[in-house]
Structure formats: C-alpha cells, structure tokens
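Chemist: 3D, please:
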Amino acid sequence: MASKSLTSQYKLLAIASGFGSILGSGIIVGLSATITVWQIGLHLSNSQVGVISGTLTFAIALGSLLAGTFSKKVGLIKTYNWTNLFYAIGTMICVLAPNYLTLLAGVIITGVASGLDLPISMTVISHDAPDDSTASSLVASTQIFWQIGVFMSYVCAFIVSKMVGATGARVVFSILTAFAFITWLWRITSKKFRTFHEEGDKRQAVKDNTERSEDASLKSVLSGEKNRKYLAFFFCILIFYVCWNLLANTFGQFQTFTLAQAHATQSFATGAGIILNFISLAATMSFAKAACSKYRNVFFFIGILVQLAAMLYLAFSSHDLWPIVVAIGAYNIGNNLAGEALYKVWTQESFPSEARASVQGFINGFSRLCCGLFAFVTPALVVQSVIHYTMLGFAGLIAVSFVAGVIMINLQKKYKKEN
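Modeler: Reported below is the predicted structural model:
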C-alpha cells in the first residue's frame, strides 16, 4: 500500500496532471454543451456542426496516438510542460473565431493537445513517483479531475446559456483558455516539479544501469517470446477499455438525448446531468482511495455487476423517464468503480516506464476512434423503439469487459508470483 506521506508529498504533481484531465473533459463537454450556441452565432449548417463534433473526437485520438512519438522525439518532460500552451492557443482561436473554418482549426489544435496530454501526464506521474504503489494511488486520483471538468463545463454552459449569439460559447472557451494557460505556467515554473523530474530521471538511470536498456517502441515491447506477458496485458486492457469507453462515451454524449427521448424537459435533463455527475464524482473518489489497496479488485467486481444490472434494468423495465434516470444513476456508480481510473492504473503498473506513454497513447487513440465511429449510429440506437435491444447489446459489452478484466487480474497475480 502506498505510504500516505509519499502520496501527500507528490500530491501537487497529481493535481497538476489532473488539471490536464479537467481540460480534456472540459473541451469534450464544453463543445458538446455549446455547439448549438456556436451554430446560431456563426450560422453553421447541421452538417458543419457534425463535422466539428466528429473532428474533435478524431483529433483527440490523433493526439493520443502521437504521445509515444512525442515522448521520445521531443522528450517526456518537455512535452508534459508545453502541451497545454498549444491547448490554450487552440481554444483562443475558437474564442476569436469569426467563421466555421476558424472554429474548426481551433478545435483540431485543442483536440490534438488534449489527446496528447493525458497519456503523457500519467507517464510523468509514474516516472516521478518513488514507487509503483504511490504511482498507482496518484494516477487513480487524476480521474477525479476528469469528473470535475465535466461538472465545470456543464455549470459554465448553463450560466452563459442566456447570452446572445455565440457570446456564451466564447465565454466558456475563454475559461478553458485561462485554465490551460495557468496549467502551462505552473508546470514550467514549479521548482518542486523540476526536482521531482530530476529525481525520476536519476531513478530511471539507475534502473537502466541494472537492466539492459532496449528499444521501448510499442512494437518492440509487444513482440518477442520474453515479452509475451506484455502482449497479454495489452490485449486485456485494450478490450476492457474499448468496451467500457463505448458505453461511457454513449452515455456521456447522448445522456441528455436519451432522457429527451423519454420526454424529459431540457431543464430536467440538464439538472439530472449535474446530479448524476455528483454521483460519478463520489464513486471516482471511492475508487481512488482503494486503487493501491487489497480492495481494488473487489471494487472491480462490484462495478461490473452494477453496470450489468443497470443495462439489464434498462432493457427489461419500463422505458418511462424515472426508470431510465435510476438506471443511469446506477450505471454512473458502476462505471467509475470499474472503468477509466482502473485502466490507467493497470497500464502504468504493467509496462516498462519508458513504454507507458506509447501503450496508453495507442489504447486511448484506438478507443477514441472506435467511439467516434460508433457515435455515427448511436442516436438511432437510443430511441424508444429499439432501446431494449441496445441495452442488451451494451450488457454484452460489459460481459466482455468483465472477462478481459478477470484475465488481467489473474495475469498480474501470475507474473507477480514469478517475479
């Protein structure tokens, strides 16, 4: 179990990395919540709105896929320090955008920077933390900031919703710009972070001297007879996260749409979204406390069972408004007990430190691509006439993620004994 004193000592590093998670969820939810405002203010067509929304997803995927390359070519710490400046540039372009193409350009820059930052930030935590237990605790805690970003974006969008034209959307993106700029300044000027990075470099150098240093590209880590365990880890985590993310992305992007299909008013759907976000935050905080304890796997089993029960409830219960609200609330608990925070911890624990950015970047990027493609058909799947079959399909995805997770847990136990 992680030492509380060590976790406390490195807490500011987790917060600075967590700010990247706030910005990551902030741009996704911020754009989603203001896209109709942009449409009115800039006179965008429906097809242009679709292109902007879809482009953000693919830009985030691209950034994630490039994380490993940047960490090697530019440097892990340099990429970590400077990425959010480009995020700020992208959102500022959006703030000043007079037309569709300028807004699209800003969204692309912001999306790539956001996708790049998440795997890099997690890898920096693992690089700087003095031991794996402390790293696991810190990495899990960053998921709390993702939920905070979702909440902040909803609240900001609600506050500015009455503003004329695109003004409200510009205010939301101005807030994201300021937050990104502050995060960039904090990361590059903090003497404490610089000390953490230097100490992490020294520990890595000692490790390289005691272990034969090898190419840490994704291909090299996953190939070869002696790396079979990494290949098994990789596919278990990939399957688990893609299945989880397809559901999480669906409920994240289309929760309001789903409630509207059940005849909820816009105010009810928005209010329900804020309350459900509090539920998600509470569940995330609970998992963060257990991430490096013996109870982590218990949380996984409980989380999976709650998610499965929620999907089956949606499939077989009445499709009236309140049953859907209750099921989504239960799902928001389960998917944070056995979801992205666990995926981050598994990835950081299971691979060599020099390969973690590449591995997590690829899994993030591939998952985002799957979600982007799936989003094209999602609206047709959550209407009242077919939601029964859709929820059964989602229950099947949860079952697949459960199998992948159980195999992953057993693999970790197996190789821990061998070591």
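Chemist: which stretch of helix or strand covers residue 161?
Modeler: For residue 161, there is no enclosing helix or strand under DSSP states H and E.
Chemist: Number of residues surrounding it?
Modeler: 16 (other C-beta atoms under 10 Å). The C-beta positions use only the backbone N, C-alpha and C, and glycine is treated the same way.
Chemist: pLDDT value on the residue lying closest to it once chain neighbours are set aside, please?
Modeler: Using C-beta to C-beta, 6 or more residues apart in numbering and skipping the chain neighbours, the partner closest in space to residue 161 is residue 168 (6.0 Å). At residue 168, the pLDDT value in this model is 87.
Chemist: Tell me, how many residues neighbour residue 168?
Modeler: The number of residues near residue 168, taken as other C-beta under 10 Å, comes to 23.
Chemist: Just confirm it contacts residue 34, I think it does.
Modeler: Yes. The criterion here is C-beta atoms under 8 Å, and residue 168 meets it with residue 34 at 6.6 Å.
Chemist: Now do the buried residues in the helix or strand the residue nearest to residue 161 falls within.
Modeler: Taking DSSP H and E as the criterion, residue 168 maps to helix 167-189. Neighbour-count burial for helix 167-189, counted by 16 or more other C-beta atoms under 10 Å, picks out 168-177, 179-181, 183-184, 186-188.
Chemist: Going by contacts, tell me the helices and strands next to the helix or strand following that helix.
Modeler: Using DSSP H and E, the helix or strand that follows helix 167-189 towards the C-terminus is helix 191-210. Applying 3 or more C-beta pairs under 8 Å, 6 or more residues apart in numbering; DSSP states H and E, one finds that helix 191-210 contacts helix 11-42, helix 100-128.
Chemist: Against which helices or strands is the longest one packed?
Modeler: Secondary structure elements in contact with helix 11-42, counted by 3+ C-beta pairs under 8 Å, 6+ apart, are helix 46-65, helix 76-96, helix 100-128, helix 132-159, helix 167-189, helix 191-210, helix 228-261.
Chemist: and the third one with helix 11-42, angle?
Modeler: Think helix 100-128. Relative orientation of helix 100-128 and helix 11-42, computed by axes from the mean of the first three to the mean of the last three C-alpha atoms, to 10 degrees: 170 degrees.
Chemist: what's the answer for the fifth one, then?
Modeler: Per the same axes, to 10 degrees, the angle that helix 167-189 makes with helix 11-42 is 150 degrees.
Chemist: now the angle from helix 167-189 to helix 76-96?
Modeler: Using the same axes, to 10 degrees, helix 167-189 lies at 160 degrees relative to helix 76-96.
Chemist: just how off-centre is helix 167-189 within its chain?
Modeler: Between the centre of helix 167-189 and the centre of its chain there are 19 Å (C-alpha atoms, centre = their mean, to the nearest Å).
Chemist: Helix 191-210 and that helix, what's the angle between them?
Modeler: Using the same axes, to 10 degrees: helix 167-189 against helix 191-210 is 60 degrees.
Chemist: What helices and strands are in contact with helix 167-189?
Modeler: helix 11-42, helix 76-96, helix 132-159.
Chemist: Pull out the CA atoms of stretch 262-280 and give them to me as PDB.
Modeler: Taking C-alpha atoms only, stretch 262-280 is exported to PDB below (Å, rounded to 0.1, in the frame of the first residue of the first chain):
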ATOM      1  CA  ALA A 262     -38.200   9.700 -22.700                       C
ATOM      2  CA  HIS A 263     -40.000  13.100 -22.800                       C
ATOM      3  CA  ALA A 264     -37.800  14.900 -20.200                       C
ATOM      4  CA  THR A 265     -37.700  18.700 -20.500                       C
ATOM      5  CA  GLN A 266     -34.400  20.400 -21.300                       C
ATOM      6  CA  SER A 267     -34.200  21.800 -17.700                       C
ATOM      7  CA  PHE A 268     -34.900  18.400 -16.200                       C
ATOM      8  CA  ALA A 269     -32.300  16.700 -18.400                       C
ATOM      9  CA  THR A 270     -29.700  19.300 -17.600                       C
ATOM     10  CA  GLY A 271     -30.400  19.200 -13.900                       C
ATOM     11  CA  ALA A 272     -30.300  15.400 -13.900                       C
ATOM     12  CA  GLY A 273     -26.900  15.600 -15.700                       C
ATOM     13  CA  ILE A 274     -25.500  17.700 -12.900                       C
ATOM     14  CA  ILE A 275     -26.800  15.500 -10.100                       C
ATOM     15  CA  LEU A 276     -25.600  12.300 -11.900                       C
ATOM     16  CA  ASN A 277     -22.200  13.900 -12.300                       C
ATOM     17  CA  PHE A 278     -22.000  14.300  -8.500                       C
ATOM     18  CA  ILE A 279     -22.800  10.600  -8.200                       C
ATOM     19  CA  SER A 280     -19.900   9.800 -10.600                       C
END
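Chemist: Many thanks, have a good one.
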